[in-house]
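J.: What follows is a predicted protein model with its sequence.
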Amino acid sequence: MSKQTVLVALGGNAILQPKQEANFQNQYENVKTSCQFLAKLVHNGYNIVVTHGNGPQVGTILRQNEEASHVVPAMPLDVCSAESQGFIAYMMQQALHNELNRIGSPKHVVSVVTRTEVSADDPAFANPDKPIGVFYSEEEAKKLSAEKGWTVAEDAGRGWRRVVPSPTPLSIVESASIVDLINGGHIVISCGGGGIPVVKKADGSYQGVEAVVDKDRSGCKLAEQIQADIFVILTDVEHVYINYGKENQKALTNVTLEELEGYIAEGQFSAGSMGPKIEAAYKFAKQGGTAIICALNKADLALEGKSGTRITQ
């Protein structure tokens, strides 16, 4: 059986489906389903490291902060990110352990609260553009901006939201510990929500910052640092498509970097959906690895080359 290390990046739908109420039971049921597919990869002999998004969850935590701020002091964004990492990792760790136990696997599942180093000089800090939290009317958003010093912006015609910087990940701080855990035979859940963004000070200490790191970019960085063989980005479609939604829509199966560069130049991939996934997959493949973008329920088939979009040099 394979002993390859696979970095698996779960999309937001693996935790909360669109229009679902964000209660614990709904999220845990989705996670349980996701873990059934992850357990197949373990059963097939892969060493897996799991990363995940946290957008709806951290948004809920921020709203709780705002609603209860007159009773309980609000926490900064990096702390909210850490909170979401903890409770999502708990759900995944529990569900995956139970599923592995059901199929008779002796593997242990470990969660790591993970920090992502970014540069204090990253241009993103001068141009916040990552929407987070709940939607407001324009009047409410501008009032909150004046009161709290937030940057706010209109979000795709759906309302106004707070926007924060989304800096480029430089390093996953806990990567060496994650490698130790992999070498010890453990399944690792890490880098949730792109990791908690921190900057490194002159004395070597770290400080949290108000930002959100793109989860696919940080997943790529972690895959690079742990020397993963394969980087799998799981989403809600079976393939990457060109001319998506048009009569001449075409599914991509095996794609070279040169071909992908052409599609990127044509503007085939939306910045709000598939674009960041393509960027991360391209970067990992350019370093010599294999990147796969596929549907969650076809992950095992995608690793066998029977589904998904596979990107190689």
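T.: Structure's in. What do you need? Numbers count the residues shown, from 1 in each chain.
J.: Sketch out the helices for this protein, chain order is fine.
T.: For the chain, helices defined by DSSP state H occupy the ranges 24-43, 55-67, 77-102, 138-148, 175-183, 215-225, 257-265, 274-286, 299-303.
J.: got CSV for those helices, with mean pLDDT, distance to Val118 and mean neighbour count too?
T.: For glycine as for every other residue, the C-beta is placed from the backbone atoms N, C-alpha and C. CSV is the format used below for the helices of the chain (pLDDT from 0 to 100; distance: least, Cβ to Cβ, whole Å; neighbours: other Cβ atoms under 10 Å):
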stretch, mean pLDDT, distance to Val118, mean neighbour count
helix 24-43, 96, 28, 18
helix 55-67, 87, 17, 18
helix 77-102, 96, 11, 20
helix 138-148, 91, 22, 13
helix 175-183, 97, 15, 16
helix 215-225, 96, 10, 26
helix 257-265, 95, 24, 14
helix 274-286, 95, 16, 21
helix 299-303, 96, 29, 21
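J.: will you turn these into JSON lines that also has distance to Asn13?
T.: Listed next are these as JSON lines, based on distance: least, Cβ to Cβ, whole Å:
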{"stretch": "helix 24-43", "distance to Asn13": "8"}
{"stretch": "helix 55-67", "distance to Asn13": "10"}
{"stretch": "helix 77-102", "distance to Asn13": "13"}
{"stretch": "helix 138-148", "distance to Asn13": "27"}
{"stretch": "helix 175-183", "distance to Asn13": "25"}
{"stretch": "helix 215-225", "distance to Asn13": "13"}
{"stretch": "helix 257-265", "distance to Asn13": "24"}
{"stretch": "helix 274-286", "distance to Asn13": "13"}
{"stretch": "helix 299-303", "distance to Asn13": "14"}
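J.: Out of those helices, which is closest to Val198?
T.: Closest to Val198 of those, according to Cβ to Cβ: helix 77-102, at 7.2 Å.
J.: what is the orientation angle of the closest one with helix 55-67?
T.: 130 degrees (axes from the mean of the first three to the mean of the last three Cα atoms, to 10 degrees).
J.: Select, out of the helices of the chain, the one closest to Ile189.
T.: helix 77-102 (4.8 Å).
J.: Can you tell me which helices and strands the closest one packs against?
T.: Counting contacts by 3 or more Cβ pairs under 8 Å, 6 or more residues apart in numbering; DSSP states H and E, helix 77-102 packs against helix 24-43, strand 47-52, helix 55-67, strand 109-111, strand 187-189, strand 196-200.
J.: Any chance of the ones you listed in CSV with distance to Leu234 as columns?
T.: Formatted as CSV, the helices and strands packed on helix 77-102 follow (distance: least, Cβ to Cβ, whole Å):
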stretch, distance to Leu234
helix 24-43, 8
strand 47-52, 10
helix 55-67, 15
strand 109-111, 17
strand 187-189, 14
strand 196-200, 22
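J.: and of these, who's closest to Tyr241?
T.: helix 24-43 (21.6 Å).
J.: Touching the closest one from outside, list them.
T.: 6, 8, 10, 13-17, 20, 48, 50, 57, 88, 91-92, 95-96, 98-100, 103, 105, 107, 187, 296-297, 299-300, 303 (Cβ atoms under 8 Å, 6 or more residues apart in numbering).
J.: okay, the angle between it and strand 47-52?
T.: Using the same axes, to 10 degrees: helix 24-43 against strand 47-52 is 160 degrees.
J.: can you start the count at 807 instead of 1 from here on
T.: Taking 807 as the first residue, the last one we looked at is helix 830-849.
J.: Export only the CA atoms of helix 830-849, formatted as CSV.
T.: C-alpha atoms of helix 830-849 as CSV (Å, rounded to 0.1, in the frame of the first residue of the first chain):
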residue,chain,number,x,y,z
PHE,A,830,-23.4,22.4,16.2
GLN,A,831,-25.5,19.3,15.1
ASN,A,832,-25.7,20.4,11.5
GLN,A,833,-22.0,21.0,11.4
TYR,A,834,-21.0,17.8,13.1
GLU,A,835,-23.2,15.7,10.8
ASN,A,836,-21.5,17.3,7.8
VAL,A,837,-18.1,16.6,9.4
LYS,A,838,-19.0,13.0,10.1
THR,A,839,-19.9,12.5,6.4
SER,A,840,-16.6,14.2,5.3
CYS,A,841,-14.6,11.9,7.7
GLN,A,842,-16.1,8.8,6.1
PHE,A,843,-14.3,9.8,2.8
LEU,A,844,-11.1,10.8,4.7
ALA,A,845,-11.1,7.4,6.4
LYS,A,846,-11.0,5.8,2.9
LEU,A,847,-7.7,7.5,2.2
VAL,A,848,-6.3,6.2,5.5
HIS,A,849,-7.6,2.7,4.7
